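S.K.: Could you look at this predicted model? Sequence included:
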Amino acid sequence: MNKGLLSFFIIFVALLMGALYYTNTIQKPFISTLNSLKSTYHDSVKYMQDSINKHFFQAKKIELLQKKIEDFEKNHLQMIQLKSEIDDMKALNNSNLKFSPDVELTRTISYKEFGNFNKLWIDVDDYNSSKIYGLIYKEMVAGIVISENNKALALLIRDIKCSYAVYVGKEKAPGVAHGNNEKNIVIEFIPSWFKIEKGDEVTTSGLDNIFFKGLKVGKVLSVTKSQGYQSAIIQPYYNSDEPSYFHIIKTPR
């Protein structure tokens, strides 16, 4: 390549770059095409990433569900064995005790009052207005159900009128739990001779004919003593911000 042709080529490239840099007429379509190519590239990369993430997420979810099914089958077999042994004990002792609670799924209708998130109207089949029912959510105490104007009204666990019998700690100290319209709930009338400590588990006792025994309530945060009894502040386990569905205990046992 002779020097004249090389010089011409360098000048041509310089003029082209200058035109692209300073001339909007040329610059706009060039940039538009470049941006379009970039957008297509990023969309393609995002699509591939989403497809890969979706594939691995589904695979992981399937694996998790398979593990849950295995655990469920194992627990189900253990429950069958336990039921068989209980039936044998009942037959041996001529007992007519019933161990199967009547539990039904129920859905919420609306809040009773605007701004009060502790009271809900719920839909209950064959509702008996003379009874108090237990309300549970995933093995946790969610509240109780009372009658108001012959309709089912759910008082969630933090409502001050939501009251039921519980056990506290490993020694199963008896007490009465109720809400106080605050974040935490209260347990009162715990006998003073029981040792209650922070972190102790609280479960239902089943002695109120509202809940059956062993449902999860919460953990002890603090304990005080007064007039021969102890009181405890409890952090409840139930904390749903979207109370759509519950299970209602029609018959505890």
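M.R.: Yep, it's here.
S.K.: just the helices in the stretch 101-250 of the chain please.
M.R.: Here the stretch 101-250 of the chain has no helices by DSSP state H, counting those that start in this stretch.
S.K.: Sketch out the strands for it, chain order is fine.
M.R.: For the stretch 101-250 of the chain, strands defined by DSSP state E, counting those that start in this stretch occupy the ranges 102-113, 116-123, 133-137, 140-148, 151-156, 163-168, 173-178, 185-191, 201-204, 216-226, 229-236, 245-251.
S.K.: avg pLDDT for the second one?
M.R.: Per-region confidence: strand 116-123 scores 90 on mean pLDDT.
S.K.: neighbours around the residue nearest to Val145 when sequence neighbours are not counted, how many?
M.R.: Among residues not flanking Val145 along the chain, Tyr133 sits closest, at 4.0 Å (C-beta to C-beta, 6 or more residues apart in numbering). Placement of C-beta: from N, CA and C, glycine included. Per other C-beta atoms under 10 Å, the neighbour tally for Tyr133 reads 24.
S.K.: what bridges to Ser231?
M.R.: Assessed by DSSP bridges, Ser231 has beta-bridge partners Thr224.
S.K.: how deep is it tucked in, by neighbour count?
M.R.: When neighbours are counted by other C-beta under 10 Å, Ser231 registers 16.
S.K.: ok, now how distant is it from Val217?
M.R.: Ser231 is 15 Å from Val217, where distance means C-beta to C-beta, to the nearest Å.
S.K.: before we move on, back to that, residues touching the residue nearest to Val145, list them.
M.R.: 124, 144-145, 152, 210, 248-250 (C-beta atoms under 8 Å, 6 or more residues apart in numbering).
S.K.: now the residues you listed in CSV, with distance to Gln66 and neighbour count?
M.R.: Listed next are the contacts of Tyr133 as CSV, based on distance: C-beta to C-beta, whole Å; neighbours: other C-beta atoms under 10 Å:
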residue, distance to Gln66, neighbour count
Val124, 35, 17
Ile144, 37, 25
Val145, 36, 24
Ala152, 38, 22
Ile210, 37, 20
Ile248, 31, 23
Ile249, 31, 22
Lys250, 33, 18
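S.K.: out of those residues, who's nearest Asn180?
M.R.: Set against Asn180, the nearest of those by C-beta to C-beta is Ile144 (15.0 Å).
S.K.: Test my guess that that closest one contacts Tyr164.
M.R.: Yes. Judged on C-beta atoms under 8 Å, Ile144 makes contact with Tyr164 at a distance of 6.3 Å.
S.K.: I am finished for the moment; much appreciated.
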